[in-house]
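Participant: How does the following fold in three dimensions:
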Amino acid sequence: MTRSNLLNLRSLNSGVSWTMSNILSVDKRDLQNSLLPIAALVLLYFSSLYNYLLFHSLAEIFSICIAITTFSIAWNSREYMNNNYLLFIGISYLFIGVLDLFHTLSYKGMNIFTDYDFYANQLWIAARFMESCSFLIAFFFLFKNRAMNSRYVLIMYVAVTAGILLSIFTWKVFPICFIDGTGLTPFKVYSEYVICVILLIDTLLLVRYRRFFDDAVYKLLIWSLLTTIASELAFTVYISNYGFSNLVGHYFKIISFYFMYKAIIEKGVKTPYALIFRELKLSEAALAEQNRILENLASIDGLTGLFNHGEIYRLINDEIERVKRYDSSFSVIMFDIDHFKLANDTYGHVFGDSVISSVAQIIKGSIRSVDMAGRYGGDEFIVVLPQIDMKGCLSVAERIRMAVEKLVIREGFVITVSAGIAAYFNGLSDDIVNTADERLYRAKQHGRNRIVND
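Facilitator: Numbering: from 1, shown residues only. The predicted structure is shown next:
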């Protein structure tokens with residue numbers, strides 16, 4: 001065997017050893033991450049054998065901690081989370097957790113609220129209505145082009161939660177949910193079924209609009225909703241507050257909260273993580289770049305306020321260099337206003353300028369502060385999305401396309417845009433702008449007012 005062959009064999013053995021060690025370390029981490037929640041659930045079960053009240057308190061405390069942590073992550077990452085749906089749900093979980101806290105404190109046997117034994121059942125149904133309706137209302141914010149006003153949402157939930165607590169503890173107008181010795185009241189049972197129907201609608205809507213979510217986040221949300229439905233169904237059949245179906249319902253509730261927590265972690269922490277550290281490493285260069293842009297008006301398009309053709313190309317080249325340096329990625333959207341020449345010829349150049357300016361404003365209002373938008377030329381625009389993959393890019397492009405379609409500048413004249421999108425990864429040799437431009441051309445060939453991504 002030659003020296004060259006020996007070296008190659010050693011290199012191969014080294015590579016195999018390195019690969020196997022990494023696989024084993026990943027499997028070990030995955031196993032540890034799986035065993036901890038399972039061990040917690042097993043310990044919870046044994047606590048129910050010793051004392052059901054202890055089990056209930058621990059189960060609810062786990063859920064409340066998850067709810068508060070979910071809110072904290074969503075709230076503190078709201079500047080980076082470009083999904084209004086998840087931010088809205090994250091805020092709602094704080095107040096769901098507050099109602100669950102009162103539910104825990106008022107559970108029979110806790111002896112904290114001594115005037116009535118079954119406040120807990122009323123608080124439970126109120127919290128579940130809030131949870132299911134929050135999932136439903138969140139879809140309204142999913143389609144908003146601008147960032148959600150999180151402070152207004154917070155104030156709204158404070159008011160609703162205060163109203164629920166007053167209706168139960170002070171005004172005592174909330175319907176009775178449980179009668180000792182008889183079990184659940186018809187209101188409680190029917191409410192659980194209504195909540196299940198709302199959650200089923202939430203699930204169907206999530207499936208319908210899955211393109212707005214990353215795959216990992218979408219799957220976690222689906223599982224959260226399905227386990228919440230399972231939890232509610234378990235709570236339609238129990239006769240005793242200490243019964244087996246009550247125990248099963250609490251298990252499903254903990255699991256559903258955990259899935260939601262993971263979804264918020266995935267979107268609110270993991271996705272922006274690389275971006276945050278990229279910005280920290282390049283903060284000095286970024287500040288210098290911003291100052292250069294402000295000082296050099298030649299880099300800004302006068303009509304739209306976006307970057308001009310030369311500047312956006314320079315920024316794209318910068319992104320390519322950063323991708324190579326940090327092994328990251330970015331995406332590009334090429335927009336073109338459909339039938340723009342007809343608008344110019346029919347209504348004049350002043351109207352045409354107002355169309356271009358209005359579309360530019362929609363684009364600026366639909367992207368993050370770290371994204372870059374430019375006027376490529378005439379009625380064409382280009383958007384650069386750092387750290388965004390093809391699915392995220394498609395979501396942004398679709399949001400802009402839908403917003404433009406609703407734009408009314410002149411009665412009877414409909415404005416639409418076509419778009420082509422492409423993503424750049426380390427090692428890609430193709431020209432990302434040409435790729436996006438070719439897909440834009442195919443979008444216009446296939447009927448306009450659409451997005452082509454392959």
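
Participant: can you pull out the helices in the stretch 251-400 of the chain?
Facilitator: 271-281, 283-295, 309-326, 340-347, 349-365, 390-405 (DSSP state H, counting those that start in this stretch).

Participant: Low-confidence ranges, the stretch 301-450 of the chain, go.
Facilitator: 427-430 (pLDDT under 70).

Participant: Could you say which of the helices of the stretch 251-400 of the chain is packed most deeply?
Facilitator: helix 390-405 (a mean of 19; mean count of other CB atoms under 10 Å). Quick note: C-beta positions are derived from backbone N, CA and C, even for glycine.

Participant: That one - contacts with which helices or strands?
Facilitator: strand 329-337, helix 349-365, strand 380-386, strand 417-425, strand 451-452 (3 or more CB pairs under 8 Å, 6 or more residues apart in numbering; DSSP states H and E).

Participant: what comes into contact with it?
Facilitator: 82, 143, 145, 211-215, 331-333, 335, 359, 362-363, 366-367, 383, 385, 388, 414-417, 419, 421, 423, 449-451, 453 (CB atoms under 8 Å, 6 or more residues apart in numbering).

Participant: of these, buried ones?
Facilitator: Among those, the ones that count as buried by 16 or more other CB atoms under 10 Å are 82, 145, 212-214, 331-333, 335, 359, 362-363, 366-367, 383, 385, 388, 415, 417, 419, 421, 423, 449-451, 453.

Participant: Just the CA atoms of stretch 331-341, as CSV, please.
Facilitator: Below are the C-alpha coordinates for stretch 331-341, written out as CSV (Å, rounded to 0.1, in the frame of the first residue of the first chain):
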residue,chain,number,x,y,z
SER,A,331,-33.2,35.5,0.6
VAL,A,332,-34.2,37.9,-2.2
ILE,A,333,-37.6,38.9,-3.6
MET,A,334,-37.9,40.6,-7.0
PHE,A,335,-41.2,42.5,-7.4
ASP,A,336,-42.7,44.1,-10.6
ILE,A,337,-45.9,46.1,-10.8
ASP,A,338,-48.3,44.4,-13.2
HIS,A,339,-49.4,46.4,-16.3
PHE,A,340,-47.6,49.5,-15.1
LYS,A,341,-47.1,50.8,-18.6
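
Participant: Skip the chain neighbours and tell me the closest residue to S369.
Facilitator: Among residues not flanking S369 along the chain, E79 sits closest, at 8.0 Å (CB to CB, 6 or more residues apart in numbering).

Participant: A helix includes the one you found, no?
Facilitator: No - under DSSP: H, G, I helix; E, B strand; the rest coil, E79 falls outside any helix and is assigned coil.

Participant: Just give me the neighbour total for it.
Facilitator: Neighbourhood size, E79 [other CB atoms under 10 Å]: 12.

Participant: any idea how far it is from T70?
Facilitator: Distance of E79 to T70, given as CB to CB, to the nearest Å: 17 Å.

Participant: same check, this time on N149
Facilitator: Counting by CB to CB - N149 and T70 are separated by 20 Å.

Participant: what's the distance between R210 and L394?
Facilitator: R210 is 11 Å from L394, by CB to CB.

Participant: scratch that, T304 is what I was asking about
Facilitator: From T304 to L394 the distance is 23 Å (CB to CB).

Participant: Let me see the backbone angles for the closest residue to E192 other than its chain neighbours.
Facilitator: Counting by CB to CB, 6+ apart, E192 lies nearest to T236, which is 4.5 Å off, once chain neighbours are set aside. With angles defined as degrees, to the nearest 10, T236 sits at phi -100, psi -10.

Participant: Could you double-check that T236 sits in contact with S191?
Facilitator: No - applying CB atoms under 8 Å as the test, T236 and S191 come out as separate, 9.3 Å apart.

Participant: overlap in contacts of the two?
Facilitator: Listed as contacting both T236 and S191 by CB under 8 Å, 6+ apart is no residue at all.

Participant: and stretch 325-336, how far out from the chain's middle?
Facilitator: Distance of stretch 325-336 from the chain centroid (CA atoms, centre = their mean, to the nearest Å) equals 20 Å.

Participant: Thank you, goodbye.
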